[in-house]
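S.K.: Please work out how this folds:
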Amino acid sequence: MTKIIEDFVPYQGEHCETTAIGNLLQHAGVQLSEPMLFGLGQGLGFIYWDSKGMEFPFIGGRIKPDALTANLANRLDLTVKIQETSSVEKAWQNVRNCIERGIPIGLKLDSYYLDYFTNKVHFAGHYAVLYGLSDEHAYMADTRQQGGQVITSLTSLAAARNAKGPMSSRNRSVALEPIDKLPPLVPAIRESLTKNAYDYLNPPIRNIGHKGIVKMSKEILKWPSRSNNIEHDLCLTALLMERAGTGGALFRNLYRDFLRECADLLEERKIEQAHSLFSEIAPMWVSVSASIDRAGRTGDYQELLRASKLLLEIVDKERTAMELLL
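M.R.: All right, here's what the predicted structure looks like:
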């Protein structure tokens, strides 16, 4: 038997977690742009993640998975029902109950198992929204890049939900309670700007925030000796930085556009200045990923030297921009 939420209209987005929460909010009657969702969720960050068990370092440009949704719920006084369970059967009962009541539900997934993902890389921090079920298939809303409204088998969805490994959760699902009224937007924006800037400028460890970018500028010069397949590892890293749901420029395009909306609403000179800086920063990140990609394809070490130098220029600008937002 097929059950699809008939009045569900997909939210168009670039990043999975903001697209998922955008879908839930839109169905609840709230329309906010994706940059606004990213900024209110205090989404901007940086992590240089490496350990002995990893084949190659991971470069991330946002805060950790799940935190963006939690921050956004806090800023907008949303009541979010989050369920996690190690029981696959109970996990299915949770989502079936929502669909039968006409409530779309966000799911945390390992994208590797989803039928519609053509680039098979394990990433257990992916989000998409379920808005319908049949006996064999799940009807999903994902990012624009992944096709928007898509279908995957129930078997693949169960595997994606129950995956183990980095960033995974125990069949995590997210649903919104009905929304009566949102709090005033301007104070919520002001608080999110300040908190995101403070967290970026005061990372607890040296591989996060502005310190993480400095670390990357040093470590990137060691990558040829760190990799067993330099072309694959560098090209994949560049691809993930630019096209893996980051909105381009390792999430800096999204934050630049958030600051544009903030400057228009708050009319503060410092926010305007920060927006101007991120308008310069975003293409610099594109140049970094392009150099990494060329280094992988050609083996030219000069490209990594170029990227390393650019990273030090980027971190100076990002520090200045974030200090303006405190």
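S.K.: C-alpha only now, for contacts and for neighbours.
M.R.: Fine.
S.K.: buried sites along the longest helix along the chain?
M.R.: Longest helix in the chain, counting residues (DSSP state H): helix 269-298. By neighbour count with 16 or more other Cα atoms under 10 Å, helix 269-298 contains the buried residues 270-275, 277-282, 284-296.
S.K.: How far off centre is it?
M.R.: 17 Å (Cα atoms, centre = their mean, to the nearest Å).
S.K.: model confidence over that helix, on average?
M.R.: When pLDDT is averaged over helix 269-298, the result is 98.
S.K.: Following element in sequence after that helix, please.
M.R.: helix 301-324 (DSSP states H and E).
S.K.: can you give me the angle that next one makes with helix 269-298?
M.R.: Relative orientation of helix 301-324 versus helix 269-298 (axes from the mean of the first three to the mean of the last three Cα atoms, to 10 degrees): 160 degrees.
S.K.: Tell me the helices and strands packed up against helix 301-324.
M.R.: helix 185-201, helix 209-219, helix 269-298 (3 or more Cα pairs under 8 Å, 6 or more residues apart in numbering; DSSP states H and E).
S.K.: how about CSV for the ones you listed, with distance to Val174 added?
M.R.: Formatted as CSV, those follow (distance: least, Cα to Cα, whole Å):
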stretch, distance to Val174
helix 185-201, 22
helix 209-219, 27
helix 269-298, 31
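S.K.: closest to Lys317 out of the ones you listed?
M.R.: Nearest to Lys317, of all those, is helix 269-298, at 6.5 Å by Cα to Cα.
S.K.: who does the closest one touch, helix- and strand-wise?
M.R.: Using 3+ Cα pairs under 8 Å, 6+ apart: helix 269-298 touches helix 230-243, helix 252-266, helix 301-324.
S.K.: got the contact list for the shortest one?
M.R.: By that I understand helix 230-243. 56, 58-61, 223-224, 227, 246, 248-250, 286, 289-290, 292-297, 299 (Cα atoms under 8 Å, 6 or more residues apart in numbering).
S.K.: in the stretch 1-150 of the chain, which spans are strands?
M.R.: Listed in chain order, the strands of the stretch 1-150 of the chain (DSSP state E, counting those that start in this stretch) span 3-4, 44-49, 58-62, 80-83, 105-109, 126-133, 137-141, 149-153.
S.K.: how about those strands in TSV, adding mean pLDDT, mean neighbour count and distance to Leu324?
M.R.: Below are the strands of the stretch 1-150 of the chain laid out as TSV (pLDDT from 0 to 100; neighbours: other Cα atoms under 10 Å; distance: least, Cα to Cα, whole Å):
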stretch	mean pLDDT	mean neighbour count	distance to Leu324
strand 3-4	94	16	47
strand 44-49	97	22	15
strand 58-62	96	19	19
strand 80-83	95	14	32
strand 105-109	97	27	34
strand 126-133	97	26	32
strand 137-141	97	22	37
strand 149-153	97	18	40
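S.K.: quick one on the thing from earlier: include distance to Thr152 and mean neighbour count when you put the helices and strands packed on helix 269-298 into CSV, please.
M.R.: Output for the helices and strands packed on helix 269-298, formatted as CSV (distance: least, Cα to Cα, whole Å; neighbours: other Cα atoms under 10 Å):
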stretch, distance to Thr152, mean neighbour count
helix 230-243, 22, 19
helix 252-266, 28, 20
helix 301-324, 39, 19
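S.K.: what would those look like in JSON lines with mean pLDDT and distance to Arg161?
M.R.: Shown next, in JSON lines, are the helices and strands packed on helix 269-298 (pLDDT from 0 to 100; distance: least, Cα to Cα, whole Å):
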{"stretch": "helix 230-243", "mean pLDDT": "96", "distance to Arg161": "22"}
{"stretch": "helix 252-266", "mean pLDDT": "98", "distance to Arg161": "27"}
{"stretch": "helix 301-324", "mean pLDDT": "98", "distance to Arg161": "36"}
